[in-house]
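Student: Provide a 3D model corresponding to the input given below.
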Amino acid sequence: MKVKEYNEKLAEMTLEELMQEEEDLKKELFNLRFQQVTAYMDNPLKLRLVKRDIARVKTAISKKSKEA
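Tutor: From the prediction side, this is the model:
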């Protein structure tokens, strides 16, 4: 998903959905890190992309909590 589309999707989510999205991304990051240490990764760039997605979600959470 492109960055602009992902940001629009995040803007439409509720605070609870954003927190769930953050948890899912953190689990994915953990699994990717585990994969990196134990075996060969298909796409090492995925680590960076997931970290950036987590940052985007945290920014969206911050915006939502300031609005409320």
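
Student: buried residues, the lowest-mean-pLDDT helix or strand in the chain. List them.
Tutor: Within the chain, no helix or strand scores below helix 3-12, which has a mean of 93 by mean pLDDT, DSSP states H and E. Neighbour-count burial for helix 3-12, with 16 or more other Cβ atoms under 10 Å as criterion, is recorded at residue 10. Just so you know, the C-beta spots here come from the backbone N, C-alpha and C atoms, and that holds for glycine as well.

Student: can you check stretch 48-63 too?
Tutor: Along stretch 48-63, the positions that meet the burial threshold by neighbour count (16+ other Cβ under 10 Å) are 50, 53-54, 56-57, 60-61.

Student: list just the nearest of those residues to residue 21.
Tutor: Taking Cβ to Cβ as the measure, residue 57 is the one of the buried residues of stretch 48-63 closest to residue 21, at 5.3 Å.

Student: thinking again about what came up before, just the ones of the buried residues of stretch 48-63 in helices?
Tutor: Counted as lying in helices by DSSP state H, out of those, are 50, 53-54, 56-57, 60-61.

Student: show me what the least confident helix or strand of the chain packs onto, helices and strands only.
Tutor: Where contact means 3 or more Cβ pairs under 8 Å, 6 or more residues apart in numbering; DSSP states H and E, helix 3-12 is packed against helix 45-67.
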